[in-house]
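In: take a look and give me a structure for this.
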Amino acid sequence: MVIVLVLAAPAVLAVLVLGHWYVWRRLVRDTTRGPGPARRAGTALFVAGPLLMITALVAERSGAPFWLQRTLAWPGFLWMALALYLLLAVAAGEAVRPLLRRVLDRRQTVEPLPGPRSRVAAGHLPEVQEAEPAGTPAAAPQPTREPAARNPGRRLVVSRVIGGAAAAAAVGTVGHGTYGVLRGPRVKRVTVPLAKLPRAAHGFRIAVVSDIHLGPVLGRGFAQRVVDTVNATRPDLIAVVGDLVDGSVKDLGPAAAPLAQLAARHGAFFVTGNHEYFSGAAQWVAEVRTLGLHPLENARTELPYFDLAGVNDLQGESEGQGPDFRKALGDRDPARACVLLAHQPVQIHEAVRYGVDLQLSGHTHGGQLWPGNLVAAAANPTVAGLDRYGDTQLYVSRGAGAWGPPTRVGAPSDVTVIELAATRA
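Out: As a prediction, the model looks like this:
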């Protein structure tokens with residue numbers, strides 16, 4: 001894994017540099033007349049933005065002082081989202097550029113003056129032109145305007161129109177997507193029929209919460225909004241399926257404190273996600289237990305109507321604490337319905353082998369930033385929503401928070417209420 005990252009780093013850096021250079025060229029160089037305050041300010045922005053983005057990522061993953069993480073996170077992570085949509089908008093503008101130039105050519109190119117009126121038609125002979133007296137200066141040629149494609153002034157107008165539209169579209173997209181995250185997740189309701197579920201459990205409600213990602217950007221206030229949203233659904237059980245935090249208990253313990261208010265008749269349960277192992281999984285398992293959540297570390301509990309199991313995230317294998325389906329499911333009664341909490345959708349294949357009826361997952365964020373859903377689809381069997389694999393159903397939540405930029409585009413955050421439906425009499 002480390003070797004792959006080392007080999008990929010130069011390619012990622014090259015893409016980052018070339019992408020920023022291309023956007024700088026279109027938005028700064030091509031929209032300014034030459035060196036001056038405007039070009040210097042734009043250049044400074046396109047140097048500072050990626051540097052802040054990289055240092056914010058490094059600070060978070062290296063466990064830098066939390067005040068430094070918070071200082072860098074907002075500008076650095078927001079630039080990550082803004083740079084993506086500036087690149088997409090500027091690239092889309094390339095299709096408009098030649099059309100706009102053509103319009104300017106048609107409107108501003110001067111037609112040549114008409115020549116002498118011909119009288120050949122209708123039987124009239126042309127009049128004989130008298131020769132110009134010697135020494136008479138020749139008439140100056142009629143000037144025509146230079147086409148927009150070769151005129152610096154026209155090029156500047158085209159670049160400014162397209163650049164302004166691209167910048168406005170990118171800023172608007174990121175602003176709307178950030179507001180959508182900060183206001184808190186919306187409730188999504190899904191009915192899932194289970195053949196083995198007893199009739200007495202028909203309508204049992206599980207609130208699925210994933211990918212809250214408390215950290216230097218999303219803090220205690222955001223956690224409180226998530227808790228309030230979950231409790232307002234009045235669930236029978238709460239399932240927190242990983243990626244709760246991005247940081248240590250020391251830094252984020254106060255931010256996670258509102259989780260102690262989660263209330264459900266059959267309790268709240270927790271399984272680790274990959275980000276817990278970046279943040280210290282053991283300390284967070286202990287912390288959520290003090291908050292009243294029940295960690296399921298490759299374990300199972302028998303509820304009145306079905307079995308509830310949970311497995312560790314795949315990232316735990318780096319610490320010898322990976323998922324163990326045999327330990328969690330190996331000796332259960334196959335006649336009982338089973339719901340499994342597993343952070344990553346790719347764990348569905350093991351769930352099918354062990355006869356799980358429903359797996360609840362997160363991890364993908366639904367792609368978070370379009371077209372990230374295409375990347376997520378390449379790495380996960382299901383990106384979001386309900387799907388079926390053999391006799392096992394998989395539900396993937398888009399998550400309540402966001403990683404990196406506190407921004408979502410085309411993948412709104414959610415808390416999902418799964419309502420179980422009995423299909424047997």
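In: mind listing the helices for the stretch 1-150 of the chain?
Out: 2-27, 37-62, 66-108 (DSSP state H, counting those that start in this stretch).
In: okay, now the unreliable bits of the protein?
Out: Under the criterion pLDDT under 70, the flagged ranges of the chain are 1-8, 108-152, 425.
In: please redo it, this time with the cut-off set to 50
Out: Along the chain, segments meeting pLDDT under 50 span 1-6, 110-111, 113, 118-131, 148-149.
In: single out the most deeply packed of the helices of the stretch 1-150 of the chain.
Out: Mean neighbour count (mean count of other CB atoms under 10 Å) peaks for helix 66-108 among the helices of the stretch 1-150 of the chain, with a mean of 18. (Glycine included, C-beta is placed from N, CA and C.)
In: and that helix, what does it pack against?
Out: helix 2-27, helix 37-62, helix 152-182 (3 or more CB pairs under 8 Å, 6 or more residues apart in numbering; DSSP states H and E).
In: coming back round to it: can I get the helices of the stretch 1-150 of the chain in a markdown table with distance to Ala421?
Out: A markdown table is the format used below for those (distance: least, CB to CB, whole Å):
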| stretch | distance to Ala421 |
| --- | --- |
| helix 2-27 | 44 |
| helix 37-62 | 42 |
| helix 66-108 | 39 |
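In: Val241 is nearest to which of the ones you listed?
Out: Val241 sits nearest to helix 37-62 of all the helices of the stretch 1-150 of the chain, at 21.8 Å, using CB to CB.
In: all strands of the stretch 201-350 of the chain, in order?
Out: 205-209, 237-240, 268-270, 294-295, 299-302, 307-310, 338-341 (DSSP state E, counting those that start in this stretch).
In: just checking, what packs against the shortest one?
Out: Right, the one you point to is strand 294-295. When contacts are defined as 3+ CB pairs under 8 Å, 6+ apart, strand 294-295 packs onto strand 268-270, helix 281-290.
In: that older thread, for Leu244, which of the helices of the stretch 1-150 of the chain is the nearest?
Out: helix 37-62 (15.1 Å).
In: just want the angle from the closest one to helix 66-108.
Out: 140 degrees (axes from the mean of the first three to the mean of the last three CA atoms, to 10 degrees).
In: how far does helix 37-62 sit from its chain's centre?
Out: Centre-to-centre, helix 37-62 and its host chain are 20 Å apart (CA atoms, centre = their mean, to the nearest Å).
In: what's the answer for stretch 396-410, then?
Out: Offset of stretch 396-410 from its chain centre (CA atoms, centre = their mean): 6 Å.
In: ok, back up a step: so which of the strands of the stretch 201-350 of the chain gets nearest Val217?
Out: Evaluated with CB to CB, those place strand 205-209 nearest to Val217, the distance being 18.1 Å.
In: can you pull out the residues in contact with that closest one?
Out: Residues outside strand 205-209 that contact it (CB atoms under 8 Å, 6 or more residues apart in numbering): 226, 230, 233-241, 264, 339, 360, 362, 395, 397, 400, 415-420.
In: inside helices: which ones of those residues?
Out: Filtering the contacts of strand 205-209 for membership in helices, criterion DSSP state H, returns Val226, Val230.
In: closest to Ala299 out of the helices and strands packed on helix 66-108?
Out: With respect to Ala299, and counting by CB to CB, the nearest of the helices and strands packed on helix 66-108 is helix 37-62 at 29.2 Å.
In: counting by contacts, list what the closest one packs against.
Out: Helix 37-62 packs on helix 2-27, helix 66-108, going by 3+ CB pairs under 8 Å, 6+ apart.
In: I'd like those written out as JSON lines, with distance to Asp333 added.
Out: Converted to JSON lines, the helices and strands packed on helix 37-62 look like this (distance: least, CB to CB, whole Å):
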{"stretch": "helix 2-27", "distance to Asp333": "42"}
{"stretch": "helix 66-108", "distance to Asp333": "47"}
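In: so for Asn312, which of those helices sits nearest?
Out: Of all those, helix 2-27 sits nearest to Asn312, with 21.3 Å by CB to CB.
In: circling back: between the helices and strands packed on helix 37-62, which one is closest to Ala335.
Out: Each of these was scored for nearness to Ala335 using CB to CB, and the closest is helix 2-27 (44.0 Å).
In: and the strands of the stretch 201-350 of the chain as a markdown table, adding mean neighbour count and distance to Pro323?
Out: Output for those, formatted as a markdown table (neighbours: other CB atoms under 10 Å; distance: least, CB to CB, whole Å):
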| stretch | mean neighbour count | distance to Pro323 |
| --- | --- | --- |
| strand 205-209 | 25 | 19 |
| strand 237-240 | 26 | 16 |
| strand 268-270 | 24 | 15 |
| strand 294-295 | 18 | 14 |
| strand 299-302 | 16 | 11 |
| strand 307-310 | 25 | 9 |
| strand 338-341 | 27 | 10 |
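In: distance check, Lys188 against Gly404.
Out: Lys188 is 23 Å from Gly404, where distance means CB to CB, to the nearest Å.
In: of those two, who's got more company?
Out: Using other CB atoms under 10 Å as the criterion, Lys188 and Gly404 rank with Gly404 on top: 22 against 17.
In: can you tell me the closest non-neighbouring residue to that one?
Out: Counting by CB to CB, 6 or more residues apart in numbering, Gly404 lies nearest to Phe77, which is 5.0 Å off, once chain neighbours are set aside.
In: correct me, but Glu297 touches Gly322?
Out: No - with contact defined as CB atoms under 8 Å, Glu297 does not reach Gly322; the gap is 10.8 Å.
In: the two: which is more packed in?
Out: Glu297 (19 against 15).
In: can you show me the helices along the stretch 301-425 of the chain?
Out: Using DSSP H, counting those that start in this stretch, helices in the stretch 301-425 of the chain cover 325-329, 348-353, 372-379.
In: go through the shortest one and flag the buried ones.
Out: Applying a neighbour-count criterion of 16 or more other CB atoms under 10 Å, the buried positions in helix 325-329 are Phe325, Ala328, Leu329.
In: chain center to it: distance?
Out: That offset, for helix 325-329, works out to 33 Å (CA atoms, centre = their mean).
In: that helix - contacts with which helices or strands?
Out: Counting contacts by 3+ CB pairs under 8 Å, 6+ apart, helix 325-329 packs against strand 299-302, strand 307-310, strand 338-341, helix 348-353.
In: now render these as CSV, adding distance to Phe269.
Out: Shown next, in CSV, are the helices and strands packed on helix 325-329 (distance: least, CB to CB, whole Å):
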stretch, distance to Phe269
strand 299-302, 8
strand 307-310, 6
strand 338-341, 6
helix 348-353, 16
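In: brilliant, that's me finished.
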